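Q: A structural model of the following input is requested.
(one chain, ligands or ions: 1)
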Amino acid sequence: MKALFIGQTYIDITFLADSFPTGDDKAVARDYAVSFGGNAVSAAFCCAKLGVVPDLLTSMADDWLSRMFLDMALKYKISVHGRKVRESSLSFVMPREGKRAILRCRDDQYLHPVPPLDLSGCGALHVDGHQSDAALHYAKLCRERGILTSLDGGGVRANTEELLEFIDVAICSERMCEQLHLTPEGMCHMLQNKGVKVGGVTLGSEGLIWYDGSGIIRRMPSLSVPKSQVIDTNGAGDIFHGAYVYSYLAQPKKPWSEHFLLARAASAHSVRFLGIEDSLPSFEDVENAQRSFKEAA
Ligand SMILES: OC[C@H]1O[C@H](O)[C@H](O)[C@@H]1O
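A: Numbering: from 1, shown residues only. Okay, the predicted model is just below:
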């Protein structure tokens with residue numbers, strides 16, 4: 001395996017509509033897309049499309065949605081290690097004016113223990129906090145073997161504190177800062193104190209605040225995508241994670257500033273398309289985004 005991503009699979013139903021009917025009402029959406037979803041899962045597909053195909057340890061049920069998901073994974077040649085749940089998870093995603101509302105139908109009651117996987121050849125682990133037992137187990141194993149460990153810190157989970165001790169790269173959300181009552185800078189200091197070598201917080205249109213081995217906390221502005229082109233921002237963060245893991249795997253010697261520049265362009269590309277699958281950039285799309293969009297002020 002070239003890399004291992006651990007997460008929870010969703011099937012995303014993304015639709016464009018001005019309002020969502022409530023009560024005894026009906027409406028017709030202007031457009032819709034059906035795609036795989038979930039943080040580390042979407043990141044894995046992004047990494048695969050850019051050119052390094054990872055293995056994926058994720059939820060799997062005996063139902064139509066999981067079979068549909070396996071078809072999607074096959075298209076990207078992603079090897080799926082399914083961990084059994086009773087039902088597949090679904091997200092209904094309504095993007096609007098640069099934001100998105102999500103209703104999730106989730107089964108995260110895993111019916112079996114963490115499966116043993118052979119990590120031979122693995123260059124990186126990426127986790128998003130789902131399957132917290134598996135995330136911790138493999139983060140410890142990877143740390144022992146000198147394999148890079150990366151965390152999408154979307155929110156605080158039961159074992160986040162412990163998990164962070166085995167994480168090399170943690171890029172967190174503003175939501176996680178709020179949960180921990182920390183400013184983005186405060187979050188960077190907390191990560192540094194935990195021994196996380198490269199850390200940061202994504203700030204949406206305000207870009208990324210981050211540090212690397214130098215310890216200096218810096219800001220990378222976002223790329224400015226014209227408002228008229230922004231269709232669906234859902235998954236832009238997941239694509240950012242998948243793209244920096246790809247960049248690291250492809251060129252591990254490059255500085256982290258380079259990995260994040262590539263990831264920033266991947267995210268900028270993604271917001272112009274509806275649904276996560278159509279948002280995934282090819283390497284050419286990333287280069288085009290780098291050329292086309294200027295840094296926001
Ligand atoms: O980050 C976006 C993802 O989180 C939600 O769980 C959706 O499924 C979506 O794919």
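
Q: C-alpha from now on. contacts and neighbour counts both.
A: Fine.

Q: count the residues that sit near the nearest residue to Pro115 once chain neighbours are set aside.
A: Using CA to CA, 6 or more residues apart in numbering and skipping residues adjacent in sequence, the residue nearest Pro115 is Arg83, 7.6 Å away. When neighbours are defined as other CA atoms under 10 Å, Arg83 has 18 of them.

Q: now Leu180
A: By the criterion of other CA under 10 Å, Leu180 has 13 neighbours.

Q: contacts only, for it.
A: Neighbouring residues of Leu180 by CA atoms under 8 Å, 6 or more residues apart in numbering: Val156.

Q: phi first, then psi, for the residue of the stretch 151-297 of the chain found nearest the ligand.
A: Per CA to the nearest ligand atom, Gly235 is where the stretch 151-297 of the chain lies closest to the ligand, at 4.3 Å. Gly235 adopts backbone torsions of phi 90, psi -10, taken as degrees, to the nearest 10.

Q: just to check, it is in contact with Asn39?
A: Yes. Between Gly235 and Asn39 there is a contact at 7.3 Å, judged by CA atoms under 8 Å.

Q: more neighbours: those two, which one.
A: Ranked by neighbour count (other CA under 10 Å), Gly235 and Asn39 place Asn39 first, with 27 against 23.

Q: mind listing what the closest residue to that one other than its chain neighbours touches?
A: With sequence-adjacent residues excluded and distances taken as CA to CA, 6+ apart, Asn39 is closest to Asp238, at 5.2 Å. Under the criterion of CA under 8 Å, 6+ apart, the neighbours of Asp238 are 39-40, 42-43, 152.

Q: by neighbour count, which of those wins?
A: Ala43 (34 neighbours).

Q: am I right that that residue is in a helix?
A: Yes. With DSSP: H, G, I helix; E, B strand; the rest coil as the criterion, Ala43 is located in a helix.

Q: give me the distance between it and Phe92.
A: When distance is defined by CA to CA, to the nearest Å, Ala43 is 19 Å away from Phe92.

Q: what does Thr14 show for phi and psi?
A: Main-chain dihedrals, Thr14, degrees, to the nearest 10: phi -110, psi 130.

Q: who are the contact partners of it?
A: 32-34, 92-95, 274-275.

Q: got the residues you listed as TSV, with distance to Phe293 columns?
A: Listed next are these as TSV, based on distance: CA to CA, whole Å:
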residue	distance to Phe293
Tyr32	26
Ala33	25
Val34	28
Phe92	30
Val93	26
Met94	25
Pro95	22
Leu274	19
Gly275	21
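
Q: got the contact list for the residue in the chain that the ligand sits nearest to?
A: Nearest residue of the chain to the ligand: Gly37, at 3.3 Å (CA to the nearest ligand atom). Neighbour list for Gly37: 9-12, 91, 235, 276 [criterion: CA under 8 Å, 6+ apart].

Q: if you set the cut-off to 10 Å instead, what comes out?
A: 8-13, 43, 45, 69, 89-91, 234-235, 238, 275-277 (CA atoms under 10 Å, 6 or more residues apart in numbering).

Q: what residues does the stretch 1-150 of the chain put near the ligand?
A: Residues of the stretch 1-150 of the chain lying near the ligand by CA under 6 Å from any ligand atom: 10, 12, 37-39, 91.

Q: of the residues you listed, closest to Pro54?
A: Closest approach to Pro54 among those (CA to CA): Asn39, at 14.5 Å.

Q: my guess is the closest one contacts Ser91, does it?
A: No. Assessed by CA atoms under 10 Å, Asn39 is found out of contact with Ser91, at 11.8 Å.

Q: and for the two, which residues touch both?
A: Common neighbours of Asn39 and Ser91 (CA under 10 Å, 6+ apart) are 9-10.

Q: isn't Asp31 up against Asp232?
A: No. Counting by CA under 10 Å, Asp31 does not reach Asp232; the two are 11.6 Å apart.

Q: who touches both of these two?
A: Here Asp31 and Asp232 have 14-16, 274 as joint contacts, going by CA under 10 Å, 6+ apart.

Q: partners of the residue nearest to Met220 when sequence neighbours are not counted in the sheet?
A: With CA to CA, 6+ apart as the criterion, Met220 has its nearest non-adjacent residue at 5.1 Å, and that residue is Leu208. Taking DSSP bridges as the rule, Leu208 bridges to Thr202, Met220.
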